[in-house]
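Asks: give me the fold of what follows.
(one chain, ligands or ions: 3)
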Amino acid sequence: MNQPVALSFTATDLDRLATASGLIALLAEGAAPASPAARRLDRLTRGMVARALASADWARLKTGESLTLAYPAGLVAEALMLVKLPRKASMLDARKAGAAIGRALGPAGAHVLAETHPQAAELSFGIAVRAYDFTPHKSGEPKTLGPVALACARPEAVAASAAPLAALSEGIFFTRDLVNEPANVLTTEDFAARLGAMQELGLEVEILEEPELKKLGMRALLGVGQGSESPSRVVVMQWKGGKADEAPLALIGKGVCFDTGGISIKPAAGMEEMTMDMGGAAVVAGVMRTLALRGAKANVVGLVGLVENMPDGRAQRPGDVVRSMKGDTIEVINTDAEGRLVLADVLWYAQERFKPTGMIDLATLTGAIIVALGHENTGVFSNDDGFCNAFLAAAGAEGEGAWRMPMGEGYDAKLKSRVADMVNSCGRDGGAITAAQFLRRFVKDGMPWIHLDIAGTALLKSDSTLAPKGATGWGVMALNRLIRDRYERKG
Ligand code: BES
Ligand code: MN
Ligand code: ZN
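Replies: Ligands and ions are numbered 1, 2, ... in the order given. Reported below is the predicted structural model:
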């Protein structure tokens with residue numbers, strides 16, 4: 001899959017600057033070369049650095065942005081990149097600067113001169129996450145990225161603080177790979193197998209197959225998958241890094257490997273995008289991977305419902321009534337409102353089996369959330385202000401857009417059905433909210449719960465700061481931080 005960048009942390013070696021190949025990236029602050037490395041580079045290039053830093057182009061740049069001098073005189077390096085960064089850069093500034101380097105990284109690698117910057121670990125994280133590329137289906141020689149040598153003060157200390165960030169970037173890559181993978185490759189069974197392979201990392205992984213799901217009464221979930229040749233699966237991933245008797249936090253993900261809409265079939269234009277309809281499950285998987293890789297001291301269980309929504313002779317029909325695991329019946333008005341049917345059963349199962357301290361579900365649930373918030377923010381719904389604010393703070397600290405949406409009885413009332421306990425779809429108005437209200441009916445009283453509608457943020461059609469176009473991995477960073485700050489025992 002993704003080829004991670006080989007990073008090493010070193011002290012600055014001024015004597016190597018002339019002969020270093022690849023890219024040299026210098027983090028510079030003012031309008032003149034200030035650091036020893038900057039002055040050395042200026043001398044070697046006969047003043048190119050000083051002229052660049054004094055230019056109007058440089059003055060116009062914002063923090064984290066860069067200017068690149070191609071084939072600089074006096075250097076073997078093919079490019080000299082000047083990245084604008086104040087000495088007191090924030091964590092997000094450092095990541096953004098790293099991302100500029102990660103985007104420019106080529107087969108020859110890079111020398112990054114960051115000796116005056118305390119945020120070198122965050123810089124390395126930015127390089128790694130932005131250097132990501134999804135290439136398994138491109139013919140020809142796979143593109144390789146050369147090694148990155150990051151020159152910084154106290155390299156051992158920086159390497160130590162970069163270790164948990166490397167676990168985080170690996171989780172993000174796992175999520176992105178899953179979301180980018182087409183549906184003929186990432187079938188429900190293939191997805192489950194990739195999660196099963198995470199046993200090696202110390203996660204306990206169970207794959208529940210259809211007979212077991214039937215026994216459990218998950219007929220809402222099974223109804224969605226019954227028109228597909230790929231069997232439905234629920235995968236349970238347990239990370240037990242906390243105290244033995246402590247109830248876990250539960251993360252629940254929508255894993256619709258492809259969403260044709262079913263009998264309520266979607267229009268052809270853009271349907272190929274529905275390979276990303278398992279994005280919620282992919283984020284849950286990426287977070288679990290990160291927790292295992294960094295040995296998180298918390299109990300967290302990840303549960304994903306893996307199905308494919310296809311039209312077929314056996315497919316669910318509009319008008320069908322299904323009984324959920326909870327026992328409530330659902331009139332399926334629209335087979336394209338399938339995600340909530342999957343989540344209803346997985347949410348209920350999570351509560352019955354694990355009695356979690358809280359639940360967070362992630363789903364590419366509605367087009368309506370894109371109408372409301374575009375691609376900048378995930379829609380956040382919750383029944384618990386304290387829990388919700390903690391999540392919003394974590395997302396804010398990581399620079400992941402998240403915006404709370406309203407809920408209420410008036411919206412819930414729209415779910416009334418003539419023949420069953422509720423409908424699965426009730427028109428376009430407030431569509432993201434009525435979807436959330438539907439989920440809320442499967443959350444027990446007093447259970448703190450957050451629903452994240454990531455339909456607009458899981459995959460982007462253009463590059464973002466930390467990702468090339470395609471899967472973003474939105475939410476892995478925020479959830480990792482929330483778990484670190486709110487659930488892990490210290491020491
Ligand atoms: N997977 C879609 C939502 C979606 C849309 C995700 C665009 C990503 C991008 C979901 O299953 C769906 O089809 N929702 C319907 C619900 C409607 C039928 C009530 C929608 O949003 O149109
Ligand atoms: Mn759908
Ligand atoms: Zn869907």
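Asks: helices or strands up against the helix or strand hosting T68?
Replies: T68 is part of strand 66-70, with elements assigned from DSSP states H and E. Here strand 66-70 touches helix 48-53, strand 79-84, helix 91-104, going by 3 or more CB pairs under 8 Å, 6 or more residues apart in numbering; DSSP states H and E. No exception for glycine: its C-beta is placed from N, CA and C like everyone else's.
Asks: need the ones you listed in CSV with mean pLDDT, can you?
Replies: Formatted as CSV, the helices and strands packed on strand 66-70 follow (pLDDT from 0 to 100):
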stretch, mean pLDDT
helix 48-53, 98
strand 79-84, 98
helix 91-104, 97
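Asks: returning to that earlier point: just how off-centre is the strand holding T68 within its chain?
Replies: Strand 66-70 has its C-alpha centroid displaced from the chain centroid by 30 Å (CA atoms, centre = their mean, to the nearest Å).
Asks: can you give me the buried ones in that strand?
Replies: Neighbour counts over strand 66-70 (16 or more other CB atoms under 10 Å) mark 66-69 as buried.
Asks: sheet-wise, list the partners of it with their directions.
Replies: strand 79-84 (antiparallel) (DSSP bridges).
Asks: quick one: average pLDDT of the helix or strand hosting A166?
Replies: Assigned by DSSP H and E, A166 belongs to helix 155-180. On average, the pLDDT along helix 155-180 is 97.
Asks: what's next to stretch 69-83, contact-wise?
Replies: The contact list for stretch 69-83 (CB atoms under 8 Å, 6 or more residues apart in numbering) reads 17-28, 41, 44-46, 48-49, 52-53, 58, 64-68, 97, 100-101, 104, 108, 111.
Asks: PyMOL command to pick out the buried ones of these?
Replies: To isolate the buried members of the contacts of stretch 69-83 in PyMOL, using 16+ other CB under 10 Å:
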select buried, resi 17+20+22+23+24+25+26+27+28+41+44+45+48+49+52+53+58+64+66+67+68+97+100+101+104+108+111
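Asks: pLDDT value on whatever residue of the chain ends up closest to ligand 2, please?
Replies: Going by CB to the ion, ligand 2 is nearest to D336 of the chain, at 3.8 Å. With respect to pLDDT, D336 has a value of 98.
Asks: which of the three states applies to it?
Replies: coil (DSSP: H, G, I helix; E, B strand; the rest coil).
Asks: just checking, it touches P267?
Replies: No: counting by CB atoms under 8 Å, D336 does not reach P267; the two are 10.8 Å apart.
Asks: more crowded one of these two?
Replies: D336 (21 against 7; other CB atoms under 10 Å).
Asks: how about the contacts made by the more buried one?
Replies: Each residue near D336 by CB under 8 Å, 6+ apart is listed here: 259, 261-262, 264-266, 309, 425.
Asks: let's see it at 6 Å
Replies: Counting by CB atoms under 6 Å, 6 or more residues apart in numbering, D336 makes contact with 261, 264.
Asks: check the gap between it and ligand 3 for me.
Replies: Separation of D336 from ligand 3 (CB to the ion, to the nearest Å): 7 Å.
Asks: and if you look at Y71?
Replies: Taking CB to the ion, one finds Y71 at 49 Å from ligand 3.
Asks: ok, how many other residues are close to that residue?
Replies: Y71: 9 surrounding residues under other CB under 10 Å.
Asks: let me know the pLDDT of it.
Replies: Predicted confidence (pLDDT) at Y71: the value is 96.
Asks: so which of the helices and strands packed on strand 66-70 is nearest ligand 1?
Replies: Closest approach to ligand 1 among the helices and strands packed on strand 66-70 (CB to the nearest ligand atom): helix 91-104, 25.0 Å.
Asks: what helices or strands is the closest one leaning on?
Replies: In this structure, helix 91-104 packs against helix 120-130, with contacts taken as 3 or more CB pairs under 6 Å, 6 or more residues apart in numbering; DSSP states H and E.
Asks: which helices and strands sit right next to the following helix or strand past the helix it packs on?
Replies: The helix or strand immediately downstream of helix 120-130 is strand 148-151, counting by DSSP H and E. Helices and strands touching strand 148-151, by 3+ CB pairs under 6 Å, 6+ apart, are strand 7-10, strand 110-113.
Asks: tell me the most buried of those?
Replies: Of the helices and strands packed on strand 148-151, the one with the most neighbours on average (mean count of other CB atoms under 10 Å) is strand 110-113, at a mean of 28.
Asks: what are the pairing partners of that strand, and which direction each?
Replies: Assessed with DSSP bridges, strand 110-113 is paired to strand 23-28 (parallel), strand 148-151 (parallel).
Asks: for ligand 2, what are the nearby residues on the protein?
Replies: Residues of the chain lying close to ligand 2 by CB under 5 Å from the ion are 259, 336, 338.
Asks: just confirm H451 is within a strand.
Replies: Yes: using three-state DSSP, the assignment for H451 is a strand.
Asks: where's the closest residue to ligand 1 within the stretch 101-250 of the chain, which helix or strand?
Replies: Going by CB to the nearest ligand atom, ligand 1 is nearest to V224 of the stretch 101-250 of the chain, at 9.6 Å. In this structure, V224 sits in helix 219-225 according to DSSP H and E.
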